[in-house]
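> Need the 3D shape of this:
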Amino acid sequence: MECVSSAVPPPRSETGPAAASSGGRRSLAAALMLGALGAAVVLLASGRTWAEGKAAIGGGGSLPLSADGGDVTGVPTALAIVGLAALVAIFAVRSAGRVLVAALLALCGAGAAVAAFIGAQDSSALDEKAARAAGNTAATIGSLSHTAWPYVTAVGSLLILFAGLLALRYGRQWPAMSGRYERDGTPRQRRAARKAPDPERPEEIWKALDRGEDPTREA
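Modelled structure (predicted):
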């Protein structure tokens, strides 16, 4: 007697268009969240105090001074705004254009992070304020200290960078703006043909008489 053994087929892994679509949606949501959050963090942290110190003035006194991120460098703020624009523009372009915009987004994040790290140790903004306060161009700031806000700005910039990298990796799977209103070279469909006129209508009878036809004669 021959025994027939049946094997249970292994479960199929999710592959094909469905898996690609699911991965595209997840990467799209992640990129949008990272890009928007990163830009918001950069814009917020750039307006906070980055450095503090004291400027020596006449009479042996000192004047406390502080510099916010905009005083130190305006690069992170400018690049965060450009990054936001690039994040939106990704959906308006396709193929090679989308790759270029995604690369721009990543570069904005990288450039803003580098500028924030450099600004974390910068003292030139406070030196300029100390020179104006003391009335002496050779005056410099004393008791210099830096806050954590430059590093918060750098973290936000890195979020923008990650959003750009996601766009470079998965951007081709993301949807684009609808082409419903875009003009292409294909001919448009003609409107439906007009309905044949009713020969029993008075205006049609008069037209038949003008043509010398007998409207009472059956076709």
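
> Which helix or strand in the protein has the lowest average pLDDT?
When the helices and strands of the chain are scored by mean pLDDT, DSSP states H and E, helix 202-210 comes last with a mean of 68.

> which residue sits closest to Ile90 in space, ignoring its chain neighbours?
Distances taken as CB to CB, 6 or more residues apart in numbering put Val101 closest to Ile90, at 5.1 Å, once the chain neighbours are dropped. Yep, even glycine has a C-beta here, placed from its N, CA and C like the rest.

> Now do the contacts for the one you found.
Contacts here follow CB atoms under 8 Å, 6 or more residues apart in numbering; on that basis Val101 touches 86, 89-90, 93, 167.

> One more pass at 6 Å, please.
Contacts here follow CB atoms under 6 Å, 6 or more residues apart in numbering; on that basis Val101 touches 86, 89-90, 93.

> ok, now how distant is it from Glu52?
From Val101 across to Glu52, the span is 39 Å (CB to CB, to the nearest Å).

> Could you do Leu107 as well?
Leu107 sits 32 Å away from Glu52, taking CB to CB as the criterion.

> Val82 now?
From Val82 across to Glu52, the span is 29 Å (CB to CB).

> Might you list the low-confidence residue ranges for the chain?
Scanning the chain for pLDDT under 70 picks out 1-23, 58-61, 134-140, 176-206, 209, 212, 214-219.

> Quick one: the strands in it, in order.
Applying DSSP state E to the chain gives strands spanning 49-56, 62-68, 141-146.

> longest helix in the chain, by residue count?
In the chain, with assignment by DSSP state H, the single longest helix is helix 17-45.

> Just the buried residues of that one, please?
By neighbour count on 16 or more other CB atoms under 10 Å, the buried set for helix 17-45 is 24, 27-28, 31-32, 34-36, 38-39, 41-43, 45.

> could you pull out the helices for the protein?
17-45, 69-72, 75-89, 95-119, 124-134, 149-170, 202-210.

> Give me the contact list for the shortest one.
Spelled out, it's helix 69-72. 46, 50, 119, 122, 125.

> who are the neighbours in contact with the last one?
Read that as Ala125. 67, 71-72.

> Kindly report the same for the third one.
Residues counted as contacts of Gly119 (CB under 6 Å, 6+ apart) are 72-73, 150.

> Asp71: neighbour count?
20 (other CB atoms under 10 Å).

> same thing with the one 4 residues further on?
Counted with other CB under 10 Å, the neighbours of Val75 add up to 18.

> need the contact list for it.
By CB under 6 Å, 6+ apart, the residues touching Val75 are Ala115.

> Quick check: it vs Ala92, distance?
26 Å.

> got it, and Val99?
14 Å.

> From the neighbour counts alone, determine which of those two ranks first.
Per other CB under 10 Å, whichever of Val99 and Ala92 has more neighbours is Val99, with 16 against 11.

> Closest one to Ser143 out of the contacts of Val101, please.
Ala86 (40.7 Å; CB to CB).

> Nearest residue to the closest one in space, ignoring adjacent ones along the chain?
Per CB to CB, 6+ apart, closest to Ala86 is Leu105, 4.2 Å.

> I'd assumed Leu165 was in contact with the one you found.
No: if you go by CB atoms under 6 Å, Leu105 and Leu165 don't touch, sitting 8.8 Å apart.
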